[in-house]
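Novice: Got a sequence here, can you build the structure:
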Amino acid sequence: MGYVTAVPHPRSEAAGPARAARRSLAVALTSGALGAAVALLSTRQRWSEGTATVAGGAFPLTARGSDVTGVPAALAIVGLAALVAVFAVRKAGRLLVSVLLALSGAGTVAAALLGVSDSSALDEQAAKAAGDTSATVDALSHTAWPYVAAVGGALLLLAGLLAIRYGRLWPAMSGRYERNGAPRVRRRAAPVDPDRPEEIWKALDRGEDPTGA
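Specialist: Down below sits the predicted model:
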């Protein structure tokens, strides 16, 4: 008695990459936008605190993240711009923008963690408060906000890695005009079979409406 080997249906095989593309796109958009927001918000919070000796007494000092380092906020903005730009370019350009997004996240993590041990902002305040350029901060301590900024950077990094891995499967913005400024002549699109996910994604990548509306 012979055995019957089950053959996967072509549609089910094609649906796998389409599902992976949709999921990775959703995760990248969410993590990228959330990561940039978290990093920016964190730099506006108090990162470190300490005291300076002024007239024999302890003078309290505090420093926000933006006082300690401006790198996380700047890279968060770059990362957010790169996340948007991923959908405006294709092929090699998309890969380069995806790498920029990942590097922005990695740089944000590194800058935030380096800020944990940075006392320069409070040392400068201590010198001004004491009227002595050699004065430094005493009883230095840090809050959890630098680590929160690092988490934001990690989310940006995740979005970049997903863009590098799955970005080629994501749809791109459709341009209405060619480089010379003339309107692009678009041919009538062939009907898209709604039961075939791979055709829907190809239509979106071409800038067509798969619904035919």
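
Novice: Quick one: the strands in the protein, in order.
Specialist: All strands of the chain, identified by DSSP state E, fall at 46-54, 57-64, 138-142.

Novice: Out of those, which is the most enclosed?
Specialist: strand 46-54 (a mean of 20; mean count of other C-beta atoms under 10 Å). C-betas here are computed from N, CA, C, even on glycine.

Novice: hmm, who's touching that strand?
Specialist: If you take C-beta atoms under 8 Å, 6 or more residues apart in numbering as the criterion, strand 46-54 is touched by 58-65, 67-68, 115, 118-119, 121-122, 125-126, 129-130, 135, 137-143, 145-146.

Novice: low-scoring stretches of this structure, by residue?
Specialist: 1-16, 173-213 (pLDDT under 70).

Novice: mind redoing it with 90?
Specialist: For the chain, the stretches with pLDDT under 90 are 1-22, 50-60, 87-91, 117-141, 167-213.

Novice: Could you check how far Trp85 is from Lys91?
Specialist: If you look again at residue 85, you'll see it is Ala, not Trp. For Ala85, the distance to Lys91 (C-beta to C-beta, to the nearest Å) stands at 14 Å.

Novice: and the two? which has more neighbours close in?
Specialist: Remark: of Ala85 and Lys91, Ala85 carries more neighbours, 17 against 10, as counted by other C-beta atoms under 10 Å.

Novice: I figured that one hits Leu96, correct?
Specialist: No - under the criterion of C-beta atoms under 8 Å, Ala85 makes no contact with Leu96, lying 9.6 Å away.
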